[in-house]
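> Turn this into a structure:
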Amino acid sequence: MEQKLENGDYLLAPNGLAQSVSGDAALLQHAQNRLLARRGQFVYNPQFGSRLHLVRQGSPAALQQAMRFAQEALAPLLPRAFAAAVRFGAAGVFVRVHAGNLEKEVLVTAEESGYEDDSV
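From the prediction side, this is the model:
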């Protein structure tokens, strides 16, 4: 069981303790964390994270590169979690993630690896 995160902060229950998340919801949260963290950011696990912040819209191969980077970030979670699609928006790269029976569209911005997302 993991602590539930929302916008990068721990979510608290009414009793003041951190809420927990498990099962497919925990898998989805883990996938989101892998996409939002910049690859190489963690000294003890340099393979954790993605390189999606490096993708620049407008280049001919940008969508293919974005999908490749999303798949690279989520590879350790296969087959239970994977990137189903990518698209560009004004704010960055949107990655549709399937995790177990859940799915979510995660926004990865170029400027920072924040916790912005659009839940589906």
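> hang on, L36 packs against V95?
No: proximity of L36 to V95 does not meet the contact threshold set by CB atoms under 8 Å, at 9.8 Å. C-beta here means a position set from N, CA and C on the backbone, and glycine is covered the same way.
> Which of the helices or strands spans the spatially most central residue of the chain?
In the chain, the centroid-proximal residue (CA atoms, centre = their mean) is Q32; its distance is 2.5 Å. In this assignment (DSSP states H and E), Q32 forms part of helix 23-36.
> Which element is encountered next along the chain beyond that helix?
helix 62-74.
> hmm, who's touching the helix or strand harbouring V106?
Assessed by DSSP H and E, V106 sits inside strand 102-108. The contact list for strand 102-108 (CB atoms under 8 Å, 6 or more residues apart in numbering) reads 24-25, 27-28, 31-32, 35-36, 50, 52-53, 84, 89, 91-97, 116-120.
> can you check stretch 72-82 too?
Here stretch 72-82 makes contact (CB under 8 Å, 6+ apart) with 27-28, 30-31, 34-35, 39, 49-52, 71, 83, 97-100.
> Thanks a lot, catch you later.
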